[in-house]
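Visitor: would you be able to build a 3D model of this:
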Amino acid sequence: MKNALNRFVPDDLLGYQGLEHFKQLKQRKCIPEVLTKNTDKSVSSISALFDLIPIKDGMTLSFHHHLRNGDAVLNMVAHEIKKRNLRNMTLAPSAIFPIHEPLVELIKSKNITQIITNYMNGPVADAISQGYLDQIVIMDTHGGRPQAIESGELKIDVAFIAVPNCDSFGNGNGIYGKNACGSLGYSIADMKYAKHKVVVTDEIHQDIDPIEIEAKYIDYIVKVDAIGDISGIVSGTTKPTKDPVQLKIAKDTVHLIEELGYLKADMSFQTGAGGTSLAVADELKKKMIKHHIKGSFASGGITSYLVQMHEIGLFKHLYDVQCFDHEAISSLSRNINHHLMSASKYANPFESKPIVNDLDVVILGATEIDLDFNVNVTTDSNGKIIGGSGGHSDTAYGAKLCIITTNLIKSRTIMIKDHVTTITTPGASIDCLVTERGIAINPLRKDLIEKLKNSKLNICPIEKLLEKAYQMTGVPKNKEKSDQIIGVVRYRDGSIVDSIYRIEDDKS
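Guide: As a prediction, the model looks like this:
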C-alpha cells in the first residue's frame, strides 16, 4: 500500500498519515513501570547473568549508544549470544556504529534476526543493506523510540545499561568514572519499562550525585573491566569547518535567521556536531555578542561549542540527551544549568511539553532533499544505509524554523533530487534550504516568503537550484530500486514514512 507521501509501505504496517495525525489520539498510552524486587544485585559476569535471568532464544535485548563508537557492552552481549548459539534474537540498540561489526556474523547465521534502532553506519548497516537480516530493520527517531517502549509496542526483555559510575544498589550516572560519557538520556525508557534491567559498569562508588539511573528499577549489576573506550565518543569534526563554501553557507544561514526575526532575546537553538553546523553556531555566537542577545537554551546532543556559548552567557540553559565530546561531559559536573534529560523529555511526541516543541531554530543536514522538501539522512543515493533520523524528524517538527544546510553539489553528486531515495523527514516540517548557490523556502511557509520579499539574500525556488546543479554536472541517470524491502523508516508517532530496499551490490 502507499502512505500519505505516496511511498510504498508493507501491508501489515501503519502508513504515515501526516505530521499532525498523532494528535488524534486522545491520551498517552503507558504500560506500568517495572520496579525491581531484588536486593542482592551483584552478578559476577555477563555469562552468569544469561544463566540467572535466563536469556533465551527469541528475546529482545536493548542497549544505548552514549559511548558511540567506543561502546563495548553490546559486543560483550553479542559474544555470549554467539557462544550459546541463541537463535532469533531481536536487538534494540538506540544506535549502531562500526565498532559493532561482530554483529554481522550473528546476523548472517540467524542468531540475530531483527534489529530496531534509530541510527546505524558501518559494517552492520552494510550487511543489512545487502539483505542479510532475516526480518526488516526498523529505523526509529529519538522521540519515537521511547514512545514505542512506554506504549508497549517495543517490548524489551532485558535492557543492558552501560553506566560509567554507579553504587552497589544500581544508582548511577555517566558524568564521572574512567569512561564517563555524560548524559544517559537514551536509556531512561529502557530502565523504566524493560522486564529486566542490568547495569553494566566499570566503576562502583557509594556516593552518586546526581542520580540519573535509579536503583528502584535496576535488577542486576555486572562489573566489567571496561564498558568501552571514551575516545570513541568523538566522531567526525568538533570544530567549525574552514571550507570557504561551507563558511558561506553558515554566514547565509545566520543572515537568514536574523532576517526572519529569530535572532532575538530568549531565542532557543539546536544544531549538530558537523563542521558546517558548528560554523553556523560560530556565526550565531558572533551575532549574539554583537547585538547583546541572550538566548534561553540550546538542546540536543551537546558539543563543546554549545558549552562555550553557555559559559559566556549566550544561552542560559543546556538541555542534554547525549554528549558529543569530552568538554560537554565535563561541563555537566561544573555548570548547574547544564541539565540531563531523557529521550522522552527531549522528543517524545506524546510528552506534554517535549523540549523540541520549544525550539525556535534548528539547523539540520541532508544526504538528499527533494523538490517537495522531503529529506533523506537514512541512506545514500544508492540506497545503502548510512545513518538514520536520530532527532532529525523530531526537531524538524518541533522547531518554529527548521533550516537544512548543505552544499548544492558534493563530489559531483547533486544534493537536490526530484524524489529522494529514502524519506527520513517529511517535507512539510522543513522550512528552508541553504546552499552556496542560493536559498530555497518551502512554498508552504508563505509567511517566511513574505518576510523575505525584499531580502538581499539569494532567495530562489528549489527548482531553480536544481537547474543550476544540472548545468554544472548534467542530469544524472535514475537508479532502479530492488523490489525487496529490507527496512522501514518509522516516524515519531509510530507510522511508516518510507521503505528501505536491498541494494543491488553482489553479495560476497
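Visitor: what segments of the stretch 1-150 of the chain are helices?
Guide: Applying DSSP state H, counting those that start in this stretch to the stretch 1-150 of the chain gives helices spanning 46-52, 73-84, 103-108, 123-129, 144-150.
Visitor: equivalent analysis for the chain, please.
Guide: For the chain, the helices defined by DSSP state H cover 46-52, 73-84, 103-108, 123-129, 144-150, 188-193, 244-259, 275-290, 304-311, 326-334, 343-347, 392-398, 446-451, 462-473.
Visitor: run through the neighbouring helices and strands of the last one.
Guide: In other words, helix 462-473. Counting contacts by 3 or more C-beta pairs under 8 Å, 6 or more residues apart in numbering; DSSP states H and E, helix 462-473 packs against strand 409-410, strand 413-414, strand 416-417, strand 432-435, strand 438-441. Using the backbone N, CA and C atoms, a C-beta is placed for each residue, glycine as well.
Visitor: for the stretch 401-508 of the chain, give me the ranges with low pLDDT.
Guide: 505-508 (pLDDT under 70).
Visitor: before we move on, back to that, out of the helices and strands packed on helix 462-473, nearest to K178?
Guide: Closest to K178 of these, according to C-beta to C-beta: strand 409-410, at 38.6 Å.
Visitor: strands paired with the closest one, and their directions?
Guide: strand 413-414 (antiparallel) (DSSP bridges).
Visitor: how's the chain carved up into domains?
Guide: Here the domain parsing of the chain from automatic domain parsing is 35-229, 244-474.
Visitor: centre of the chain to the last one, how far?
Guide: Distance of domain 244-474 from its chain centroid, counting by C-alpha atoms, centre = their mean, to the nearest Å, is 14 Å.
Visitor: what's the end-to-end length of that domain?
Guide: End-to-end distance for domain 244-474, by C-alpha to C-alpha, to the nearest Å: 24 Å.
Visitor: again, but for the first one
Guide: Using C-alpha to C-alpha, the gap from the first to the last residue of domain 35-229 comes to 31 Å.
Visitor: let's have the domains of the chain in TSV, adding mean neighbour count and distance to D11.
Guide: Written out in TSV, the entries for these read as follows (neighbours: other C-beta atoms under 10 Å; distance: least, C-beta to C-beta, whole Å):
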stretch	mean neighbour count	distance to D11
domain 35-229	21	13
domain 244-474	20	19
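Visitor: switch these over to JSON lines; also include distance to L14.
Guide: Output for the domains of the chain, formatted as JSON lines (distance: least, C-beta to C-beta, whole Å):
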{"stretch": "domain 35-229", "distance to L14": "11"}
{"stretch": "domain 244-474", "distance to L14": "14"}
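Visitor: low-confidence ranges, this protein, go.
Guide: 26, 235-239, 505-508.
Visitor: report back the residue of it that's furthest from centre.
Guide: N454 (36.7 Å; C-alpha atoms, centre = their mean).
Visitor: give me the distance between stretch 484-501 and the centre of its chain.
Guide: 15 Å.
Visitor: dump the helices of the stretch 1-150 of the chain into JSON lines; add distance to F269 as well.
Guide: JSON lines is the format used below for those (distance: least, C-beta to C-beta, whole Å):
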{"stretch": "helix 46-52", "distance to F269": "41"}
{"stretch": "helix 73-84", "distance to F269": "32"}
{"stretch": "helix 103-108", "distance to F269": "36"}
{"stretch": "helix 123-129", "distance to F269": "30"}
{"stretch": "helix 144-150", "distance to F269": "23"}
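Visitor: if we can go back for a sec, distance to K464 added to the helices and strands packed on helix 462-473, as CSV?
Guide: Converted to CSV, the helices and strands packed on helix 462-473 look like this (distance: least, C-beta to C-beta, whole Å):
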stretch, distance to K464
strand 409-410, 15
strand 413-414, 13
strand 416-417, 10
strand 432-435, 11
strand 438-441, 7
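Visitor: which residues touch V224?
Guide: I46, A72, M76, V200, T201, D202 (C-beta atoms under 8 Å, 6 or more residues apart in numbering).
Visitor: ok, now how distant is the spatially most central residue of the chain from A273?
Guide: The centroid of the chain falls nearest to G390 when counting by C-alpha atoms, centre = their mean (1.8 Å). Distance from G390 to A273, counting by C-beta to C-beta, to the nearest Å: 11 Å.
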